[in-house]
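In: pasting a predicted model and its sequence here:
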Amino acid sequence: MNSKLVVGISSRALFDLSESHEIFQNDGVEAYRKYQIKNEDQILVPGEAFNLVNKILKINDFYENKDRVEVILLSRNTADTGLRIFNSIESHELNISRAVFCGGESPYKYVKAFGVDLFLSSSKDDVKMAIQNSVASARIISSKSKKLSKGDTLLRIAFDGDSVIFSDESEKIYAKEGLKAFLDNERKQKSMLKAGPFKSFLVELNKLQSELSHVDCPIRTALVTARSAPSHKRVIKTLRNWGVRIDESLFLGGMKKSEFLKSFKADIFFDDQQNNIEDASAKVTSAHVPFGIKNRK
């Protein structure tokens with residue numbers, strides 16, 4: 001019997017709550033509460049991760065009499081102020097029934113209890129704590145890219161390699177000793193790359209793809225990395241050793257990733273480097289993975 005793929009999503013990642021969040025920051029909790037209650041029948045417009053969530057939920061259409069994937073709302077709101085969010089979920093016909101409203105506290109502490117495979121939030125602190133608890137997690141970045149693509153149900157997810165799918169062991173060598181030392185290490189290194197924070201999520205996606213191989217699979221994955229030959233070999237061998245298949249692999253040798261991600265039509269792109277995410281977010285929805293040496297001050 002297959003387990004579920006579970007995605008935890010914050011309310012600010014799912015819907016555009018910029019106006020009410022500004023009230024919270026400028027005028028405090030009570031002003032925010034009054035505003036949300038006053039406007040609880042005003043349906044929220046989609047946020048950065050809405051299109052992604054919508055496509056994830058549509059995967060269930062390929063299964064008979066069961067939900068193979070689930071999205072759970074994990075919010076810092078109270079249930080009182082969160083009623084507007086649930087009204088918006090119902091209005092947009094999203095199949096989301098489970099939720100946690102933490103009344104100002106971080107909801108990350110519940111990701112393990114729900115068995116969350118991926119946690120997406122706009123809170124840097126919540127994301128960091130989830131990663132520290134071994135849950136694939138990323139901070140959704142505000143994007144100027146077009147969010148909604150009606151009629152397009154193919155879920156496209158793109159990943160950076162080092163510090164996302166793989167550990168930061170190779171990036172440490174590059175950061176401390178430079179490119180030549182990095183390449184020399186990759187040439188002579190016979191061991192597989194160690195797992196990064198998103199390996200488990202990629203494995204779960206692969207299970208779904210395998211189960212749906214008899215139909216026109218609704219999921220497509222891409223590895224988009226700054227690596228190039230000869231450092232590509234270790235990546236390929238590691239994925240093979242894990243039994244993981246990635247549909248498209250782009251070894252860009254340091255080129256900017258944004259145009260390639262646009263061509264792939266990524267619904268989301270995960271990367272550990274803030275500058276890569278800021279560049280990519282102009283073209284596609286992007287999320288920062290605060291893991292590895294590049295994120296240590």
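Out: Nice, thanks for sending it over. All values derive from a computational prediction rather than experimental measurement.

In: how close does the closest residue to residue 206 other than its chain neighbours get to residue 59?
Out: Taking C-beta to C-beta, 6 or more residues apart in numbering, and ignoring the residues beside it in sequence, residue 206 has residue 244 as its nearest neighbour in space, at 5.3 Å. For glycine as for every other residue, the C-beta is placed from the backbone atoms N, C-alpha and C. Remark: distance between residue 244 and residue 59 (C-beta to C-beta, to the nearest Å) = 18 Å.

In: neighbour count winner among these two?
Out: In this view residue 244 and residue 59 are compared by other C-beta atoms under 10 Å, and residue 59 has more residues nearby, 20 against 16.

In: how far away is that one from residue 193?
Out: On the measure of C-beta to C-beta, residue 59 and residue 193 end up 28 Å apart.

In: helices along the stretch 151-297 of the chain, start to end?
Out: In the stretch 151-297 of the chain, helices defined by DSSP state H, counting those that start in this stretch lie at 169-177, 179-188, 199-211, 232-242, 258-264, 274-280, listed in chain order.

In: other SSEs contacting the fifth one?
Out: Read that as helix 258-264. The contact analysis (3 or more C-beta pairs under 8 Å, 6 or more residues apart in numbering; DSSP states H and E) places helix 258-264 against strand 155-159, strand 219-225, strand 248-251, helix 274-280.

In: thinking again about what came up before, of the helices of the stretch 151-297 of the chain, which is nearest residue 5?
Out: Ranking the helices of the stretch 151-297 of the chain by proximity to residue 5 (C-beta to C-beta) places helix 199-211 first, at 5.0 Å.

In: what residues sit buried inside the closest one?
Out: Under the neighbour-count criterion of 16 or more other C-beta atoms under 10 Å, helix 199-211 has 199, 201, 202, 204, 205, 206, 208, 209 buried.

In: how about stretch 126-140?
Out: So stretch 126-140, judged by 16+ other C-beta under 10 Å, has buried residues 126, 127, 128, 129, 130, 131, 135, 136, 137, 138, 139, 140.

In: next: stretch 223-243.
Out: Applying a neighbour-count criterion of 16+ other C-beta under 10 Å, the buried positions in stretch 223-243 are 223, 224, 225, 226, 227, 231, 232, 234, 235, 238, 239, 242.

In: in PDB, list the C-alpha atoms belonging to it.
Out: As requested, the backbone C-alpha atoms of stretch 223-243 are provided in PDB (Å, rounded to 0.1, in the frame of the first residue of the first chain):
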ATOM      1  CA  LEU A 223      18.400  19.000 -12.300                       C
ATOM      2  CA  VAL A 224      19.700  22.500 -13.100                       C
ATOM      3  CA  THR A 225      23.300  22.800 -11.800                       C
ATOM      4  CA  ALA A 226      26.300  25.000 -12.300                       C
ATOM      5  CA  ARG A 227      28.400  21.800 -12.600                       C
ATOM      6  CA  SER A 228      29.900  20.800 -15.900                       C
ATOM      7  CA  ALA A 229      32.200  18.100 -17.200                       C
ATOM      8  CA  PRO A 230      34.000  16.300 -15.600                       C
ATOM      9  CA  SER A 231      32.100  17.000 -12.300                       C
ATOM     10  CA  HIS A 232      28.900  15.700 -13.900                       C
ATOM     11  CA  LYS A 233      30.000  12.100 -13.700                       C
ATOM     12  CA  ARG A 234      29.700  11.800  -9.900                       C
ATOM     13  CA  VAL A 235      26.200  13.300 -10.000                       C
ATOM     14  CA  ILE A 236      25.000  10.800 -12.600                       C
ATOM     15  CA  LYS A 237      26.500   7.900 -10.700                       C
ATOM     16  CA  THR A 238      25.100   9.000  -7.400                       C
ATOM     17  CA  LEU A 239      21.500   9.300  -8.800                       C
ATOM     18  CA  ARG A 240      21.900   5.900 -10.400                       C
ATOM     19  CA  ASN A 241      23.100   4.400  -7.100                       C
ATOM     20  CA  TRP A 242      20.000   5.900  -5.400                       C
ATOM     21  CA  GLY A 243      17.800   4.400  -8.100                       C
END
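
In: residues contacting that stretch, please?
Out: Among residues not part of stretch 223-243, those counted as contacts by C-beta atoms under 8 Å, 6 or more residues apart in numbering are 158-162, 165-166, 170, 182-183, 186-187, 189, 192-193, 199, 203, 206, 245-246, 248-255, 257, 260-261, 264, 269.
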